[in-house]
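**Student:** build me a model:
(4 chains)
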Number of protein chains: 2
Amino acid sequence: MTPEQPRPDPGGPAAAPPRPRDSSATRRSLLAAARELFAADGYDGTTVRAIAERAGVNQALLFRHFGNKEQLFAEAVAGQALDVLHDGPPQEVLRRTLEAMLATGPDDSAESTLFFAALRSQGNTEAARTVRAQLREAYGGALAALVATDDPADAELRADLTLAWLLGIALLRRVIHSDALMAAEPETVIGHVVRATDALLGPVDSP
Amino acid sequence: MTPEQPRPDPGGPAAAPPRPRDSSATRRSLLAAARELFAADGYDGTTVRAIAERAGVNQALLFRHFGNKEQLFAEAVAGQALDVLHDGPPQEVLRRTLEAMLATGPDDSAESTLFFAALRSQGNTEAARTVRAQLREAYGGALAALVATDDPADAELRADLTLAWLLGIALLRRVIHSDALMAAEPETVIGHVVRATDALLGPVDSP
DNA sequence: GTCAGTTGTAAGCAGACGCTGACAACCGGA
DNA sequence: TCCGGTTGTCAGCGTCTGCTTACAACTGAC
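**Tutor:** Residues are numbered from 1 along each chain as shown, chains lettered A, B, ... in the order given. Next comes the predicted model:
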């Protein structure tokens, strides 16, 4: 049987030299890998094995640090896409979000794409649902303040319609690969969307 | 061991009376169940066991009829959501699609929701990709014809932006459960969207 | 009746999944 | 030097997945 007793350094082909003992670096690697993969493939489409491999970290460490997949997801996503919200005047939230969305290549995983990955994760898991509701509320609130109406329900409706558009654009770019949306100049796309949302959020002329 | 020799009809508690031999009825049941579940949970979120159970059909029959899950998906989805495209004047495609989307309850699975389920299925499988591209082209083409521009690329871009909006609205309603979008009167929502898309698809005033 | 073909059923395979347990290697303080 | 706690590694568990196989029950043609 030759029980393969442990040798300090076998002369063989470099049997995976152990990674340096750095807990926080491991954590960061895992979080970064998780963000990229969740943004690219959604919650269900991402496996913990893939995250660990991309991070160059043993799979078991993932569970030691985050407990389970859902908590890793929540921690990777939380507070990540909200920077763009408070990064300038509120009336330009829409433009800034669009710029962040369109600036990156199709496979790149910028901050804002994470937001949409969260929305896109269609699992019924509690963590995913919580994150989605949280992000939706933040964006919805910021957008609702821009609506020219007295009716709060109508303001929320129009804000959600705007959010739906952002969501759909991200989806058409990342999941479907719309040639038109990917080839167009960002300024052109932003111009179209801003023009239309001005009509959407502005006062209704004929009652 | 008592090898449990087959008995024609055991006196016990009705051990699953075999379903009547009707091939086409079985097929239809499977297709109907597949449509409902794919629309509700997407491609990856739906298991063949769930489809078979909902159809009241043995799981193995699913594979006898359709070969594999992807073919069942393709067959269930193909040509299903396109009715609304040719069901009236082309300039009202947007309104008709919205009406179909908003008319049903959140859990109902009308025709049009299937279209969005196809888009939402985020798997990389070939069948899902084909169906998505197919549907996107049909809708995109119909919408592009309505754009007031001479530039074909710009027309396609604006059509895809419109499609993105429809997609996002469906997503916000079905995946996230936006209270505002679900509680609002369909006519209100349609009014907002049509007003904004008029600005989007219409001529650009200031170059 | 017999027998080939069709329809339904039961059981299980191979692989991927999330997750766990046991153990080795290293570190800091006593 | 010992020793508890932390970090990294390895192997595998239980379950679910899409899919297959072997077989029973029924049908229609001869």
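**Student:** now A:R35: closest residue in space, sequence neighbours ignored.
**Tutor:** Using CB to CB, 6 or more residues apart in numbering or on different chains and skipping residues adjacent in sequence, the residue nearest A:R35 is A:A76, 5.0 Å away. All C-beta atoms are positioned from the backbone trio N, CA, C, and that covers glycine.
**Student:** distance from the chain centre to whatever helix or strand that neighbour lives in, please.
**Tutor:** A:A76 belongs to helix A:69-77 when elements are defined using DSSP states H and E. Remark: helix A:69-77 is offset 11 Å from the chain centroid, using CA atoms, centre = their mean, to the nearest Å.
**Student:** tell me where the model's unsure across chain A.
**Tutor:** Applying pLDDT under 70 to chain A flags residues A:1-19, A:79-82, A:104-120, A:122-124, A:206-207.
**Student:** how about the helices of it, start to end?
**Tutor:** Remark: helices assigned in chain A by DSSP state H are A:23-41, A:48-55, A:59-66, A:69-77, A:93-103, A:111-120, A:126-144, A:152-174, A:179-183, A:186-201.
**Student:** turn those into CSV, including distance to B:R49.
**Tutor:** CSV is the format used below for the helices of chain A (distance: least, CB to CB, whole Å):
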stretch, distance to B:R49
helix A:23-41, 24
helix A:48-55, 24
helix A:59-66, 28
helix A:69-77, 22
helix A:93-103, 38
helix A:111-120, 25
helix A:126-144, 23
helix A:152-174, 28
helix A:179-183, 37
helix A:186-201, 42
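**Student:** relative to B:E156, which of these is closest?
**Tutor:** Closest of these to B:E156 is helix A:179-183, at 4.2 Å (criterion: CB to CB).
**Student:** briefly note if that closest one comes near chain B.
**Tutor:** Yes. Counting by CB under 8 Å from any CB of the partner chain, chain B has neighbours in helix A:179-183: A:179-181, A:183.
**Student:** what's the nearest residue to A:Q71 if we skip its chain neighbours?
**Tutor:** A:A127 (6.7 Å).
**Student:** how is chain A carved up into domains?
**Tutor:** A:23-72, A:81-201 (automatic domain parsing).
**Student:** could you check whether the longest one is close to DNA strand C?
**Tutor:** So the one you mean is domain A:81-201. No. If you take CB under 7 Å from any atom of the strand as the test, domain A:81-201 misses DNA strand C, and the best it gets is 9.3 Å.
**Student:** check the shortest one too.
**Tutor:** Yes. Using CB under 7 Å from any atom of the strand as the criterion, contacts between domain A:23-72 and DNA strand C involve A:46-50, A:59-60, A:63, A:67-70.
**Student:** and for the closest residue to A:Q134 other than its chain neighbours, the neighbour number?
**Tutor:** Leaving out its chain neighbours, the residue that sits closest to A:Q134 by CB to CB, 6+ apart is A:A78, at 7.8 Å. Using other CB atoms under 10 Å in any protein chain shown, A:A78 has 15 other residues around it.
**Student:** my guess is A:A78 contacts A:V131, does it?
**Tutor:** Yes. Under the criterion of CB atoms under 8 Å, A:A78 makes contact with A:V131 at 6.7 Å.
**Student:** which of the residues of helix A:179-183 next to chain B lies closest to B:A196?
**Tutor:** So of those, ranked by how close each gets to B:A196 (CB to CB), first place is A:L181, at 17.7 Å.
**Student:** contacts for stretch A:160-170?
**Tutor:** Residues outside stretch A:160-170 that contact it (CB atoms under 8 Å, 6 or more residues apart in numbering or on different chains): A:94, A:97-98, A:101, A:113, A:116, A:119, A:136, A:139-140, A:143, A:181, A:189, A:193, A:197, A:200-201, B:161, B:163-169, B:171-172, B:178, B:180-181, B:189, B:192-193, B:196.
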